[in-house]
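Q: Pasting a predicted model and its sequence here:
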Amino acid sequence: MPFIPHTKHDVQTMLATIGVDKIDDLFDEIPASLRGASLASIPDGLTEMELTRLMRERAKQDSDLLCFIGAGAYEHHIPAAVWDVTSRGEYLTAYTPYQAEASQGTLQLLYEYQTMMSSLMALDVSNASLYDGASALAEAVLMAARSNKNSKNYRILMPRTVHPHYRDVVRAIVGQQGIEIIEVPFDPRTGTTAVASLQKYANDITALVIPQPNFFGVIEDVDALTNWAHEQKAIAIAVVNPMAMALLKAPGQWGKNGADIACGEGQPLGVPLASGGPYYGFLCCKKEFVRQLPGRIVGRTVDADGKQGFVLTLQAREQHIRRAKATSNICTNQGLLVTASTIYMSLMGPQGLRRTALACYQNAHALRDVLTAIPGVEVVFASPMLHEIVLRLPQSVDTVLSELAKFNIQGGYALNHVYPELGNCVLVCATETKTSADFAKYAEKLQQVLSKSKGVHAAFEKKTLVDCEKGV
Amino acid sequence: MPFIPHTKHDVQTMLATIGVDKIDDLFDEIPASLRGASLASIPDGLTEMELTRLMRERAKQDSDLLCFIGAGAYEHHIPAAVWDVTSRGEYLTAYTPYQAEASQGTLQLLYEYQTMMSSLMALDVSNASLYDGASALAEAVLMAARSNKNSKNYRILMPRTVHPHYRDVVRAIVGQQGIEIIEVPFDPRTGTTAVASLQKYANDITALVIPQPNFFGVIEDVDALTNWAHEQKAIAIAVVNPMAMALLKAPGQWGKNGADIACGEGQPLGVPLASGGPYYGFLCCKKEFVRQLPGRIVGRTVDADGKQGFVLTLQAREQHIRRAKATSNICTNQGLLVTASTIYMSLMGPQGLRRTALACYQNAHALRDVLTAIPGVEVVFASPMLHEIVLRLPQSVDTVLSELAKFNIQGGYALNHVYPELGNCVLVCATETKTSADFAKYAEKLQQVLSKSKGVHAAFEKKTLVDCEKGV
Amino acid sequence: MSMLIFEQSQQDRCAAAQQPRDVNVTLDIPAHLLRDDQPFLPQVSELQAVRHYTRLSRRNFSIDTQFYPLGSCTMKYNPRGVHRLAFLDGFLQHHPLSLDVHSQGFMSCAYELQEILKTVTGMKGVSLTPMAGAQGEFAGVAMIRAYHQARGDVARTEILVPDAAHGTNPASAVQCGYKVREIPTDADGNVDIDALRAALGPQTAGIMLTNPSTLGVFEEKIQDIAKMVHQAGGLLYYDGANLNAILGKVRPGDMGFDVMHINLHKTFATPHGGGGPGGGPVAVSERLVPFLPTPMVAKVGDAYRWLTEKDCPQTIGRLSTFMGNAGIVLRAYMYARLLGKDGMHRVAEFATLNANYLLARLKAAGFTPAYPKRRASHEFIITLKQEAKELHISALDVAKRLLDYDFHAPTMYFPLLVPECLLIEPTETESKEAVDAFADALIQVLQEAKTDPAILKNAPHNLPVRRLDEVKAARELDLVYKPVVE
Amino acid sequence: MSMLIFEQSQQDRCAAAQQPRDVNVTLDIPAHLLRDDQPFLPQVSELQAVRHYTRLSRRNFSIDTQFYPLGSCTMKYNPRGVHRLAFLDGFLQHHPLSLDVHSQGFMSCAYELQEILKTVTGMKGVSLTPMAGAQGEFAGVAMIRAYHQARGDVARTEILVPDAAHGTNPASAVQCGYKVREIPTDADGNVDIDALRAALGPQTAGIMLTNPSTLGVFEEKIQDIAKMVHQAGGLLYYDGANLNAILGKVRPGDMGFDVMHINLHKTFATPHGGGGPGGGPVAVSERLVPFLPTPMVAKVGDAYRWLTEKDCPQTIGRLSTFMGNAGIVLRAYMYARLLGKDGMHRVAEFATLNANYLLARLKAAGFTPAYPKRRASHEFIITLKQEAKELHISALDVAKRLLDYDFHAPTMYFPLLVPECLLIEPTETESKEAVDAFADALIQVLQEAKTDPAILKNAPHNLPVRRLDEVKAARELDLVYKPVVE
Ligand SMILES: Cc1ncc(COP(=O)(O)O)c(C=O)c1O
Ligand SMILES: Cc1ncc(COP(=O)(O)O)c(C=O)c1O
């Protein structure tokens, strides 16, 4: 009986103490007609050895890929110490730190995390995590809607340069509460959100979402956008890559007064790609918004002897106290990922994080240079970028990516499905983990793929720019 | 500066406290002519990220092999919990438990290990580890030489069915102290050591070494051998696979009085193959030999409050106390591997260990059946075996193994190099980790290899038995 | 020592082996968009970081170190093998936007878990994406809403929730735009059927229940309730937090539920991680299948592919950037495979055995069960109302004192309707000895309450800190460390 | 709670997911060779085992949790990355008897480590097989013996060893069949040159030294000593335990040593593992190369191959079943690559800086260095002779009291010639703050010794156990647990 320690003798003694004959008697309050679920279609149990064999085979199927996909999840070096320490039973198998005295490890760590993340965002406070970047943005939008007393109509401006999946999630979550999400097109030359283009929505705006870098890897003029939002009495919500904030101006430093709320995906800070999760969403804000912040928050206090200690605080915002009136329904969050991130940030420090961002910058540019040396491969947006870039291919992007896949190269993220106006475009990423040998390999195989199928695809036109201007 | 935490400011303060100007001044007692070693040929330092890339490439070179080699190191299932817990910093980075009060974790674990290992061997006491199986046998021989007051001439009978590398190591180590090792041939039909064949050495024998199972995977008649040794007033030294002792009679149960000393390789109990080490040697004995036992021993005692606690004991046997008169020079042993083994044995329990041995038995027989179904492949020894078997191939064993290697199959251990009389023979192993699909794959490829090169090798004769009887 | 990591930091110190090489690059990013200050992150050596966080970890209770009878949370053994296998390269380095051809390994696991969850819940469709129970609730209620809307049934504005429900239930209903109406509990811990009948109407979108309920008893009239709600045009949501009580024995689908979530971090033993991550897959009956959140995995021949919004035009949409907590899905899948068909029902059987045994022992020692006439499910409630009155101690005091005995405290003050309550759930992975030791400790604490109540009031005594001042924490907010400027 | 695992065991309990399936097989093994009793191994659940050994671990001090100023042991940070990378499948599942073609990854690492060790030692040949320092010593002395024998020089029966030497030195010499003669130390911690001269003769096979010595000082006359010993026909053995003091700064080969070992678990930072495994590669000058223990790795073109007895007919032979502690070799290689050429000499520099700084602080606080005129190397000795006389406390008491301050104790009572000594080695990986905190604690303990010596005598107070009775342990041997039969 995997994981069940009871011996036959134990069972007999326990049943006798309870005063029943057999375990099934304990289910006698359940209507007989309901009992006896059929599990026939579930396979027999495996031993750990058998499971190991099975999972090794499964994992191998998805192995040994040279990955140039970013698009919201980034392959970074993670010091071995991060997950070695995070996987200690005391972090891994602890519950939410409601019993503060028995959870000082996790609580102090979360307090340290809040300090690090607030500082990285240049904002006053941070919560202790949300599910992921997209749901954190949804919570930020809800928070703005609750907080902005100037706006009556819950209208949120959402640039199309925000990750398309984030936009989907925001729609799915906040849409249930009558909040309107207005999508703002991007400038087809720069790939950024121009302040001028916002002007036509300038009426009773609750919040403006500002991505940095944006989904195309392009750096937005966040100062101008933030100032514009504040001029409209709208709340400025930053959605940023936290790694980039060691190099780029942080949300709290944007424009005259700084963004009000910052959120995003914590994954770049020590969390492996892992098929997309578990990651974690971070959420920081100016202190005047703290009572609208969803999720757990740790505070420093003292114990009965006056000694420093840490507790969950402001719990009156949360569902287990406030129930229907809570700031959010979130309960279980992504604590373990925050544990990893906190250790990661401690090991990297400000210099390590900055150098990582710089190495990404350098590698992305090196990759750009070697790929655009291939005839027909072109840069799409004439803008500064960080570690991702949109390239236009001379052939069908889906076909090219499939062909590259045969060499175990993951060539990037095809944009045509979500941005039809960017027909043959691919979003390509290079982090600090990649080498010039990797770039050369990519270029070589890309060239090979393109020349092989040149005939077939000659019919394709470059109609991207046209579509794009139509703002599809 | 990897792993060095000193800031420039720290260095200045520290130098000032010491009263020197620069770090190099601290080396001023060293003759100038000696200073300044050239390190030019050492490569520049790597970051952990770069090292990770390098080591992944290196590891990959030796990866994905289907292994049928045993010959002293066995691939067994190791529960993940074993190394997860063993790798906790508190076990991994602790020193030898000389400060008992600060080492109760390791000390209690070692006491538990001693209990488990003694019981597995059916002997009274166990030490807390030696380097590996071969050096443990050398220590057992030295122990026997010190202990056996009946024998004057330090003559050790060593069957050729003992692992050839163990015999080499024993020679290299005990040879320095004027101990004579007499090798005893095996019965070419059974692959075992016949009692009758010992008779001619029956004069002033210090000890007889008895392997179980022996190097050929064959089960020896340990009762008869032990009784014979005791009749000669020789010490009976068992060298056994500890996993097998859950199924086979244990050393302390051999013959009328039981073997006196048992030693062997601890690797099968939770230690990965890992290119041959670190493993650990175990050594158990009857209690009358305990003061001759080399290595560390843990004892249970009480603290100042009468509470149970554990300490290293009988340290007067050891080099740090007894120096030139110590029972052995061993100091650092293989503590971490014992940690893993202790957790392993706890997770397997008596039933798990026994079932593992049985699964090995079953698999080895299944492999035998499928391989000997191939024309020309024959069983060499007509004896009961456990998880290894000697097979004779119709062609050069080195060539066949090289050809199998191309399919990433490790077909076994070629015996011709160490047993010239076993010309085309290979020692093949199957543990519980192998499946019938694995056996089928091996058989298929072996058949393919053999039929491909049949023409070439037709000239080879089966002269093995002849050589063998000559006792080369 | 619990010095903060920042207090060990020194300008220009670093974990050098982790720093990328300094690159000499001219940035073409406008200067005004670059950061010109240094974020306040620790500057420590690798040893300092490892030692600090290793030491901190030792200030936690955890399943790997303590018994955790935390009702409603199902703190059971989290198999180490499962955790390790989730760290295989092929899983860990797998990008979520990989092409299907590079994702077959992961997708096969996800697909098979979908199938297993269908079987154990008795439902027709499963989506794995919700990232915890609460997100599963959100998804479930959103599907209820989508269902009514798809039928043009737009007047349904209310979700019913028993007063014993977990806080996430009303909160999730509100996040879906519903009003919440509470239904009281009767003296035996069942939903008050008359009150329920009175509350049902054309405005009823549905009801959220868990069964066994958070009171630790099985809702005996569940079939009647289902019939009533369905007749009123509402749907039934099953809060899967208590699935451990019935896994493999009874199926929510058979009880009449239309939609439910499953807390993978409870029933399927993925570690709680100090507060997450979890997993909250949703399972639905036939009529809600079109509304399931995306993405899901489909099997076509021997290959697996993602189902997205395109395949599921009526979906409530996407709830996470990629596909939720994929690594938790993987762990739950592995756990399910380790248990297999035989292991599943033993979960419920032994969880129930442990709970009833513990209840029997505590009853015999004089504790008051909240529902003395009822069987415990996998958990049960003790009320200390009387002790509170007579001895002037609270459930909180008992909980804190238990920590001194090296046991995690049970859940306190939940459900809200039972005064001074302890909700106790031993789970099936604890041995009789562990359960006995806990019972002994609780009995001992009750004894202490009689002889020396101060020892409870001032507990804990043996932990890294004494009782913490939560009021001060909330009043004088100190949420980020600010260095003392010298 | 430190219940033994056996006390948690119950007949027929097991960690079921770890048990192979029951096979129904008829054994063709004679019944009299089969075991008919059940070995006394624990019968526990997986959770019980994990919890027990997790909890036990917390009763240890370790580098990951405490500062460990343990002289002669070089307890420094063991990089986690190195440990993890040694667990890569290709290394972990690699059989030691794999064909060369399947071993190139591992062999390339071993080969490169051989080369690196040659460079840092200034030697001509390296064999990696010895499994710890002591086995390296054995190999080294065996090579000295083989060298003399190969030259027909068979009258050399003595190995000289300074009285400060580690116990393994004389023990290893004896294990090689030599007699040991001790050489005294002079007042400044150097070998007494006159005594050495007197001891040298045609019976001298060699001398074993470490430099800096275990007294924490550099043997200034090392070149003279080398000349004297060589002139007498003897060879010089360097005990590499103190290589951390000179790594990348001075090379034993340049000092005139013929043979040495290197403790990979000290200088090359492989973890000590609670007492091992370690690694003790040997390095030799030209004339001893033929005698190196096998196997070694050779490079032929781009490929690596094993050198065995066949290639090295004069080898002293094989010292381990396969090639020694391969995994430790791998870790040491990785550590060397992380340091690189620049990192190597910084090891010695900062180890020496930390030691001299700590010495300066302790001197200033009134402690007595054993060799007050000398620089500290990477370690140094404090003698508490005077405190022992005046305050009736011992080095042991101070050591035990330090544990209460959460510092591991320094090495005590070694070297034997310095009374009431503490041998203190902070290593280069500890920060100034850690060194300062240790100094503060030691100063505080000295203060306590003056005001309240009982607190030292009865120390430790804050550990899982109080001071343990070692005499009882040795007198009433209790080495294995025997269940109490009820
Ligand atoms: C009864 C009940 N419902 C819902 C939840 C919410 O689940 P989660 O924490 O996974 O969001 C919980 C969690 O504790 C619970 O106990
Ligand atoms: C000076 C000295 N020499 C030799 C040794 C023996 O090394 P090992 O323990 O690796 O066998 C030690 C170990 O502590 C030592 O300190």
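A: Received, thanks. Ligands and ions are numbered 1, 2, ... in the order given.
Q: Going by C-alpha atoms from here, please, whenever you check contacts or count neighbours.
A: Will do.
Q: Look through chain A and tell me its longest helix.
A: Taking DSSP state H as the criterion, chain A has its longest helix at helix A:335-372.
Q: got the buried residues for it?
A: Within helix A:335-372, the residues scored as buried using 16 or more other CA atoms under 10 Å in any protein chain shown are A:335-365, A:367-368, A:370-372.
Q: same thing with stretch A:293-305?
A: The neighbour-count check on stretch A:293-305 (16+ other CA under 10 Å) flags A:L293, A:P294, A:G295, A:R296, A:I297, A:V298, A:G299, A:R300, A:T301, A:V302, A:D303 as buried.
Q: can you check stretch A:441-454 too?
A: Neighbour-count burial for stretch A:441-454 flags A:Y442, A:A443, A:K445, A:L446, A:Q447, A:V449, A:L450 (criterion: 16+ other CA under 10 Å).
Q: mind giving me a markdown table with those and columns for secondary structure, pLDDT and distance to A:N424?
A: Converted to a markdown table, the buried residues of stretch A:441-454 look like this (DSSP: H, G, I helix; E, B strand; the rest coil; pLDDT from 0 to 100; distance: CA to CA, whole Å):
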| residue | secondary structure | pLDDT | distance to A:N424 |
| --- | --- | --- | --- |
| A:Y442 | helix | 98 | 18 |
| A:A443 | helix | 98 | 17 |
| A:K445 | helix | 98 | 18 |
| A:L446 | helix | 98 | 14 |
| A:Q447 | helix | 97 | 16 |
| A:V449 | helix | 97 | 15 |
| A:L450 | helix | 97 | 13 |
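Q: who in chain A is up against ligand 1?
A: A:I330, A:C331, A:T332 (CA under 6 Å from any ligand atom).
Q: So the second one versus chain C, what's the distance?
A: Meaning A:C331. Taking CA to the nearest CA, to the nearest Å as the measure, A:C331 falls 6 Å from chain C.
Q: dump the residue contacts of that residue.
A: Applying CA atoms under 8 Å, 6 or more residues apart in numbering or on different chains, we find A:C331 in contact with A:G295, A:E318, A:Q319, A:H320, C:A132, C:G133, C:A134, C:T168.
Q: Check A:Q334 too.
A: With contacts defined as CA under 8 Å, 6+ apart, A:Q334 is in contact with A:S129, A:L130, A:Y131, A:P278, A:Y279, A:Y280, C:G273, C:G275, C:G276, C:P277, C:G278.
Q: rerun that using 10 Å as the cut-off
A: Neighbour list for A:Q334: A:128-132, A:278-282, C:131-132, C:272-278, C:325 [criterion: CA atoms under 10 Å, 6 or more residues apart in numbering or on different chains].
Q: Which positions in stretch C:367-377 come out as buried?
A: Neighbour count says stretch C:367-377 has C:F367, C:T368, C:P369, C:A370, C:Y371, C:R375, C:A376, C:S377 buried, by 16+ other CA under 10 Å.
Q: Kindly report the same for stretch C:170-186.
A: Buried-residue list, stretch C:170-186, by 16+ other CA under 10 Å: C:170-185.
Q: tell me the contacts of the residue nearest to A:I261 when sequence neighbours are not counted?
A: Once flanking residues are discounted, A:I261 sits nearest to A:C285: 4.3 Å by CA to CA, 6 or more residues apart in numbering or on different chains. A:C285 sits next to A:118, A:121-127, A:140, A:237-238, A:251-252, A:259-263, A:292-293 when contact means CA under 10 Å, 6+ apart.
Q: Let's see that with 6 Å instead.
A: Contacts for A:C285 (CA atoms under 6 Å, 6 or more residues apart in numbering or on different chains) come out as A:L123, A:V125, A:D260, A:I261.
Q: same question, A:R354
A: Each residue near A:R354 by CA under 6 Å, 6+ apart is listed here: A:A246, A:L247.
Q: and if we set it to 10 Å?
A: With CA under 10 Å, 6+ apart, A:R354 has these contacts: A:243-248, A:348, A:360, C:19-20, C:22, C:35, C:38-39.
Q: now do A:Q199
A: Contacts of A:Q199 (CA under 10 Å, 6+ apart): A:W228, A:Q232.
Q: For the one residue in the stretch 51-200 of chain C that gets nearest to ligand 2, give me phi and psi.
A: Among the residues of the stretch 51-200 of chain C, C:R51 lies nearest to ligand 2; the distance is 23.7 Å by CA to the nearest ligand atom. Backbone dihedrals for C:R51, given as degrees, to the nearest 10, come out at phi -70, psi -40.
Q: all strands for the stretch 251-400 of chain C, in order.
A: C:259-261, C:282-284, C:296-300, C:303-307, C:368-369, C:380-383 (DSSP state E, counting those that start in this stretch).
Q: Please name every helix or strand in contact with the fifth one.
A: Helices and strands in packing contact with strand C:368-369 are listed as helix C:326-364, strand C:380-383, helix C:385-391, strand C:421-424; criterion 3 or more CA pairs under 10 Å, 6 or more residues apart in numbering or on different chains; DSSP states H and E.
Q: Output those as a markdown table; include the columns distance to A:T431, mean pLDDT and mean neighbour count.
A: Shown next, in a markdown table, are the helices and strands packed on strand C:368-369 (distance: least, CA to CA, whole Å; pLDDT from 0 to 100; neighbours: other CA atoms under 10 Å in any protein chain shown):
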| stretch | distance to A:T431 | mean pLDDT | mean neighbour count |
| --- | --- | --- | --- |
| helix C:326-364 | 23 | 97 | 24 |
| strand C:380-383 | 52 | 98 | 26 |
| helix C:385-391 | 60 | 95 | 15 |
| strand C:421-424 | 48 | 97 | 27 |
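Q: Which one, of the ones you listed, ends up nearest to ligand 2?
A: Across the helices and strands packed on strand C:368-369, ligand 2 has its closest neighbour in helix C:326-364 (41.0 Å, CA to the nearest ligand atom).
Q: touching chain A at all, that closest one?
A: Yes: using CA under 10 Å from any CA of the partner chain, helix C:326-364 comes into contact with chain A via C:326-330, C:334-361, C:364.
Q: Next, see if that helix gets close to chain D.
A: Yes: counting by CA under 10 Å from any CA, chain D is contacted by helix C:326-364 at C:L338, C:L339.
Q: how about the nearest residue to residue 382, chain neighbours excluded?
A: As the question left the chain open, I've gone with chain A. A:T190 (5.3 Å).
Q: was after chain C, sorry
A: Nearest residue to C:I382 in three dimensions, chain neighbours excluded: C:P369, at 4.4 Å (CA to CA, 6+ apart).
Q: Perfect, that will be all.
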